[in-house]
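Chemist: got a sequence here, can you model it:
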Amino acid sequence: MELQKAPIPIVLGLIILVATFNIVGTLLMLVLEKTQSIGVLKTLGVSKSGIVKIFLYDGLLIGIIGIILGNILGLGICFLEMKYNFFALPEIYYMKSVPILLNPDYIIFITVITFILTITATLIPSFLASKLDPVKSIRFS
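Modeler: Residues are numbered from 1 along each chain as shown. Predicted structure coming up:
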C-alpha cells in the first residue's frame, strides 16, 4: 500500500495543473469572444484595472465554484466509501475494502494551492484583455 501512496501527490498535482490550464484557456476564449465588448468598455472610459477586475472576477468565480464542488464531491465519495465500502479489493490484499484516511491538513493544503493557482491562472488573460487597443478591438468584429 505504501508503494501505491507514493504517486498520489504527483497525480493530484497533474490534475490541478490541467485544471489551471483549463481556466487559462477558458478565460482566453472569453477574451477573444468579448474583444469587441472590451473595446467598447475602454472607449467608454473603463480603466485597465477595471478590465482586469472584470476578468479576475470571472476567473475567481470559476475557480471557487470548482473548488467547492470538487471538495463536496470528493469528500462525499470518501465518506460514502468509508461507510458502505463500495470498492472491494481483490484477495491478494490483506484488507477487504479500500482504506481511506481523511487528513484535514491535506484537504486545506490542496484547496489553498488550487486557489493560488486559480488566481495565477486568472491574472494572465485579464492582463491580456486590459492591454487590448480599443480601436482594433471594435474593428476586430
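
Chemist: stretch 21-39: how far from the chain's middle?
Modeler: Taking the mean of its C-alpha atoms, stretch 21-39 sits 16 Å from the chain's own mean (CA atoms, centre = their mean, to the nearest Å).

Chemist: apologies, that question was intended for stretch 92-105.
Modeler: Taking mean C-alpha positions (CA atoms, centre = their mean), stretch 92-105 and its chain are 27 Å apart.

Chemist: ok, stretch 26-40 next?
Modeler: On CA atoms, centre = their mean, the centre of stretch 26-40 falls 20 Å from that of its chain.

Chemist: for stretch 75-91, same thing?
Modeler: For stretch 75-91, the separation from the chain centroid amounts to 26 Å (computed by CA atoms, centre = their mean).

Chemist: end-to-end on it?
Modeler: 27 Å (CA to CA, to the nearest Å).

Chemist: contacting residues around it?
Modeler: 95-98, 100, 102, 107 (CB atoms under 8 Å, 6 or more residues apart in numbering). C-beta coordinates here come from the backbone N, C-alpha and C atoms, glycine included.
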